[in-house]
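# here is a sequence together with a model predicted from it:
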Amino acid sequence: KSEGAGTTSIAINVNNTGTVEVQTGTLTVGAGTTSGPVSVSAAATFGANTQDFLAASSITGAGSASLSNSQVRGTYNITGGSAFGTGTTTFHPTATLSAIGPTLTISGGTVDFRTGVPLSTGNAAMANGTFTGNSSLTVSGTLSSADAIWSNTGDITVGGLVTTTGPNTVFSGTGALNFN
């Protein structure tokens, strides 16, 4: 996607073995499989719903990514921010997870980080969702949670303010909640 700051949505099945470049605006793809690289430029966003990113795939760049109900088995290195929506998005142990960016947002879905790789972000926000897996999470700024479940085996360390709203925010699992 290279023209305009708007959103281009491909709602039909998308099976990609080539290269996808998101240079401007937002590109959102539907169900399918990806085994090629996805490159996201700064100020651009790549979105996927029900995609299976195979081991040979990569999602990289200075832009942001928004995944829903997807499987990540390849490389993920997004430095602009990561968002996760409905359904369950799983980062499998085979995934190479390098960066999630300065913001982590989970809205109405589950993100399962099974890589064991320590994660770090500036701010994290979750509403009606679940953060789970075996990766630790360090949030240097604010962690906000509304009716959310933080249930993982890795520690969660927060350097700034923690705010919770709603009656159903739960911190559970075997990891510790640390305040720095």
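Structure's in. What do you need?
# need the three-state assignment for Ile59.
Using DSSP: H, G, I helix; E, B strand; the rest coil, the structure places Ile59 in strand.
# partners of the host helix or strand of Phe46, with directions?
Applying DSSP states H and E as the criterion places Phe46 in strand 45-49. Sheet pairing for strand 45-49, assigned by DSSP bridges, gives strand 26-29 (parallel), strand 64-68 (parallel).
# and the following helix or strand past that strand, what does it pack against?
Per DSSP H and E, the first helix or strand lying C-terminal to strand 45-49 is strand 51-53. Strand 51-53 sits against strand 32-34, strand 71-72, with contacts defined as 3 or more CB pairs under 8 Å, 6 or more residues apart in numbering; DSSP states H and E. Heads up, the C-betas are built off the backbone N, CA and C, glycines and all.
# can we see that at 6 Å?
Judged by 3 or more CB pairs under 6 Å, 6 or more residues apart in numbering; DSSP states H and E, strand 51-53 is in contact with strand 32-34.
# other SSEs contacting the strand it packs on?
Using 3+ CB pairs under 6 Å, 6+ apart: strand 32-34 touches strand 51-53.
# ok, the strand it packs on: who's next to it in the sheet?
Strand pairing (DSSP bridges) places strand 51-53 next to strand 32-34 (parallel), strand 71-72 (parallel).
# point out the most buried one among the ones you listed.
Highest mean neighbour count among these (mean count of other CB atoms under 10 Å): strand 71-72, with a mean of 25.
# now it, how far from the centre of its chain.
In this view, strand 71-72 has its centroid 10 Å away from the chain centroid, taken as CA atoms, centre = their mean, to the nearest Å.
# now swap in stretch 153-169 and tell me
On CA atoms, centre = their mean, the centre of stretch 153-169 falls 17 Å from the chain's centre.
# contacts only, for Ser35.
Contact partners of Ser35, counting by CB atoms under 6 Å, 6 or more residues apart in numbering, are Thr17, Leu54, Ala56, Ser57.
# run through who's touching stretch 50-68.
In contact with stretch 50-68 (CB under 6 Å, 6+ apart) are residues 31-35, 37-42, 44-49, 69-87, 89, 94.
# average pLDDT for it, rounded please.
The average pLDDT within stretch 50-68 is 98.
# only the buried residues of that stretch, if you could.
Neighbour-count burial for stretch 50-68 flags 50-54, 57-61, 63-68 (criterion: 16 or more other CB atoms under 10 Å).
# of the residues you listed, closest to Asp147?
Nearest to Asp147 among these, counting by CB to CB, is Ser68 at 18.3 Å.
# and the gap between that closest one and Gly154?
Using CB to CB, to the nearest Å, Ser68 is found at 23 Å from Gly154.
# same deal with Ser9?
Per CB to CB, Ser9 is found 34 Å from Gly154.
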